[in-house]
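Chemist: what follows is a predicted protein model with its sequence.
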Amino acid sequence: MPELPEVEVTRRGFADRIAGARIEAIRVGKPLRWALSVDPGLLVGRTVRGVRRRGKYLLVDLDLGLLLLHLGMSGSLRFDASLPAAGAHDHFDLVTSQGTLRLNDPRRFGAVVYVEDEASPLAGKLLGGLGMEPLGDSFDFEAFHAGLRRRRAPVKQVLLAGDVVVGVGNIYASEALFLAGIRPTLAASRISRPRALRLHGAIREILARAVDRGGSTLRDFSNVDGQSGYFQLEATVYGRAGEPCRICATPIRQLRQGQRSTYFCPMCQKS
């Protein structure tokens, strides 16, 4: 599933290129997770003001309203002035004066939804429960630590839940916990202030590094120009069960948490 780094890489790949473009046509293919919620023809003639990100959502601001885009489990976006004819898994085309933005999603868990503004009920339903942005100034340590202290669940699952901090997906949660020296099974409420501070910094570092590497391509993620990410090639624990820890040479272990694979070093992450 594309996580925050992949979505941010996607945003950076087309945000400047589509800004100021006029919408000339919209093609809607097979139904996605949520309906567009507006007649596509009503969006023709509107202007794209810019592209923001909130968690794993892309917000395409128009001169009137905005589009919320989610890549789902397997989605990816392309943006080009001359894309080929839409294929079986191409479910949405935003044709503009500066190129076509296309959503490809084999599993159709992605979505493109129109809302009048972020205060609308539908936008509130999709965005309202999201936690702090980890890459921005709003990632306040005191609020982060307080959020951990309120949760008795294992810290790995709290990070994945997204209501304390958004976008720390499975690979990045494992990597951040390793960098912070915290075992993924430890209850979030038991994490001390100094250790929470290390985790806060580790989340920032891991996600920023992942963005710099173009995200992670574990299966089918690619950016708007069709290029794969490379962060997974330098992962310290994720996907390395049985291999020696890069720090202490202890074999990396794997366990299941909430139906997701977790990887950790039993020596470097003792508690």
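Modeler: It's in.
Chemist: remind me, longest helix of the chain?
Modeler: Longest helix in the chain by number of residues, with DSSP state H as the criterion: helix 193-212.
Chemist: alpha carbons of that one, as PDB, please.
Modeler: C-alpha atoms of helix 193-212 as PDB (Å, rounded to 0.1, in the frame of the first residue of the first chain):
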ATOM      1  CA  ARG A 193       9.600  10.700  27.700                       C
ATOM      2  CA  PRO A 194      13.300  10.200  26.600                       C
ATOM      3  CA  ARG A 195      12.400   7.200  24.500                       C
ATOM      4  CA  ALA A 196       9.400   8.900  23.000                       C
ATOM      5  CA  LEU A 197      11.700  11.800  22.000                       C
ATOM      6  CA  ARG A 198      14.000   9.300  20.200                       C
ATOM      7  CA  LEU A 199      10.900   7.800  18.400                       C
ATOM      8  CA  HIS A 200       9.600  11.300  17.500                       C
ATOM      9  CA  GLY A 201      13.000  12.100  15.800                       C
ATOM     10  CA  ALA A 202      13.300   8.600  14.300                       C
ATOM     11  CA  ILE A 203       9.900   8.900  12.600                       C
ATOM     12  CA  ARG A 204      10.900  12.300  11.000                       C
ATOM     13  CA  GLU A 205      14.200  10.900   9.900                       C
ATOM     14  CA  ILE A 206      12.900   7.700   8.400                       C
ATOM     15  CA  LEU A 207      10.000   9.300   6.500                       C
ATOM     16  CA  ALA A 208      12.200  12.100   5.200                       C
ATOM     17  CA  ARG A 209      14.800   9.600   4.000                       C
ATOM     18  CA  ALA A 210      12.100   7.600   2.300                       C
ATOM     19  CA  VAL A 211      10.900  10.600   0.400                       C
ATOM     20  CA  ASP A 212      14.400  11.400  -0.700                       C
END
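Chemist: contact partners of that helix?
Modeler: 4-5, 8-9, 134-135, 139, 141, 144-145, 148, 155, 159, 165, 167-168, 172, 175-177, 179-182, 191, 216, 229, 231 (C-beta atoms under 8 Å, 6 or more residues apart in numbering). Bear in mind the C-beta positions are built from the backbone N, C-alpha and C, glycine included.
Chemist: recalculate using a threshold of 6 Å.
Modeler: Helix 193-212 has contacts (C-beta atoms under 6 Å, 6 or more residues apart in numbering) with 5, 8, 134-135, 141, 144-145, 148, 168, 172, 175-176, 179-180, 182, 231.
Chemist: tell me, how many residues neighbour the residue nearest to Met267 when sequence neighbours are not counted?
Modeler: Of all residues not flanking Met267 in the chain, Thr250 sits nearest, at 4.1 Å (C-beta to C-beta, 6 or more residues apart in numbering). Other residues near Thr250 come to 13 when the count uses other C-beta atoms under 10 Å.
Chemist: what about Ala123, distance to Gln254?
Modeler: Noted for Ala123: a distance of 38 Å to Gln254, by C-beta to C-beta, to the nearest Å.
Chemist: contact partners for Leu83?
Modeler: Taking C-beta under 6 Å, 6+ apart, one finds Thr100, Arg102 in contact with Leu83.
Chemist: heads up, I number from 32, so please use that
Modeler: Let's use 32 as the start, then, which means that last one is Leu114.
Chemist: confirm Asp124 sits in a strand?
Modeler: Yes. Under DSSP: H, G, I helix; E, B strand; the rest coil, Asp124 sits within a strand.
Chemist: list phi and psi for the nearest residue to it once chain neighbours are set aside.
Modeler: The spatial neighbour of Asp124 that comes closest, neighbours along the chain excluded (C-beta to C-beta, 6+ apart), is Arg58 at 4.0 Å. Dihedral angles of Arg58 (phi, psi; degrees, to the nearest 10) stand at phi -110, psi 130.
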